[in-house]
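In: Based on what follows, work out the 3D shape:
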Amino acid sequence: MEEIILKRTSFNITTYCNLKCKHCIAFIPYYKEKKMMSYDEASLLLKKYFQIVDRVGHFNVTGGEPLLNKDVCKIMEEVFLYEKQIDESIDFVTNGTLEIPEKLLDLFAERQGRSKIIMSDYGEHLSTKIKQNEELLIKKKIDYRISKFYGDGLYYDGWIDFTDHSLKWPDKEARDNNSRKCVHSAGKYYVINDGEIHRCSRSFYRMKMGIIPKSGGEYVSLTDDLPIEEKKRQMLNMQKSVSGTSCAYCVGLRNDIPRVAPAQQLD
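Out: Below is the predicted model of the structure:
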């Protein structure tokens with residue numbers, strides 16, 4: 001069977017977060033039922049994912065806020081077991097509100113050049129641990145990046161408001177044309193949410209909330225009893241499709257879409 005090579009996958013290990021960003025790209029504040037992934041669950045999902053996917057460029061561990069997960073260090077140890085199938089970098093994304101534990105720092109220090117910690121900086125009123133964490137990262141010579149989301153020199157020129165889930169592209173041709181301009185869709189980025197591989201966090205959320213039907217062929221379950229070969233076929237079909245149902249309800253992550261101020265907090 002054809003090799004499955006992905007550019008990027010984000011692994012969501014919790015839908016708990018200590019911020020309530022109105023325009024969160026993963027809709028974290030809008031989930032009524034929160035989930036904290038256990039180490040055992042993460043271990044199973046990683047095993048299944050890397051049986052299906054031969055190689056991935058970037059593998060991101062994220063949330064929610066992943067540092068809220070008490071098993072975060074054990075989960076990261078498990079992720080690093082698959083580093084031979086990760087071509088570019090293993091990245092850990094945090095919001096700069098919590099101190100990074102020393103054990104986690106040591107794991108990344110052991111893998112310089114193969115891993116990176118990414119901190120989102122929403123300003124000193126929210127991301128209160130940025131400077132403290134940066135000092136630790138420098139001290140331990142860990143590769144890192146700070147994505148600045150306030151003031152001048154934003155990492156991105158604001159965020160996109162994805163909270164309008166109305167139908168925007170009524171036919172497949174229009175849907176596909178918009179999808180080709182979407183960074184996530186065109187780049188074939190994927191997410192692992194609640195034991196499933198989806199095209200993006202918007203697609204997962206819309207299926208979860210019943211905004212769109214949960215259609216076979218638009219996600220891959222990592223927990224069902226289907227043979228790995230069948231899951232591989234499903235993944236290949238997702239790769240080859242230009243767009244999914246969710247894309248019809250989405251403006252897309254496009255450079256020409258108006259932006260809103262990042263990290264606006266819900267009341």
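In: Okay, and residue 203 sits in which element?
Out: Element membership for residue 203, per DSSP states H and E: helix 201-208.
In: Sheet partners, orientation included, of the next helix or strand after that helix?
Out: Scanning forward in sequence from helix 201-208 by DSSP H and E, the next helix or strand is strand 219-221. Taking DSSP bridges as the criterion, strand 219-221 sits next to strand 196-198 (antiparallel) in its sheet.
In: I'd like the distance between residue 265 and residue 151.
Out: The gap separating residue 265 from residue 151 is 17 Å, by Cβ to Cβ, to the nearest Å. In this view, the C-beta of every residue, glycine as well, is placed from N, C-alpha and C.
In: So which of those two has more stuff around it?
Out: Neighbours were counted for residue 265 and for residue 151 using other Cβ atoms under 10 Å; residue 265 has more, 12 against 8.
In: Please name the nearest non-neighbouring residue to residue 218.
Out: residue 244 (4.8 Å; Cβ to Cβ, 6 or more residues apart in numbering).
In: quick one, what contacts the one you found?
Out: 199, 203, 218, 238 (Cβ atoms under 8 Å, 6 or more residues apart in numbering).
In: PyMOL command for the buried members of these?
Out: Buried residues within these, by 16 or more other Cβ atoms under 10 Å, are selected in PyMOL with:
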select buried, resi 199+203+218+238
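In: Spatially, which two of the contacts of residue 244 are the most separated?
Out: Greatest spatial distance among the contacts of residue 244 (Cβ to Cβ): 203 and 238, at 10.2 Å.
In: Overlap in contacts, the two.
Out: By Cβ under 8 Å, 6+ apart, the residues touching both residue 203 and residue 238 are 218-219, 244.
In: In JSON lines: those residues, plus distance to residue 208.
Out: Formatted as JSON lines, these follow (distance: Cβ to Cβ, whole Å):
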{"residue": "218", "distance to residue 208": "13"}
{"residue": "219", "distance to residue 208": "11"}
{"residue": "244", "distance to residue 208": "14"}
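In: which outside residues touch the helix holding residue 203?
Out: For helix 201-208, using Cβ under 8 Å, 6+ apart, the contacting residues are 10, 12, 25-27, 30-31, 162, 165, 191, 193-194, 196, 198, 211-214, 218-219, 244-247, 249-250.
In: Filter these down to the buried ones.
Out: Those of the contacts of helix 201-208 that meet the buried threshold are 10, 12, 26-27, 31, 162, 165, 191, 193-194, 196, 198, 212, 218-219, 244-247, 249-250, by 16+ other Cβ under 10 Å.
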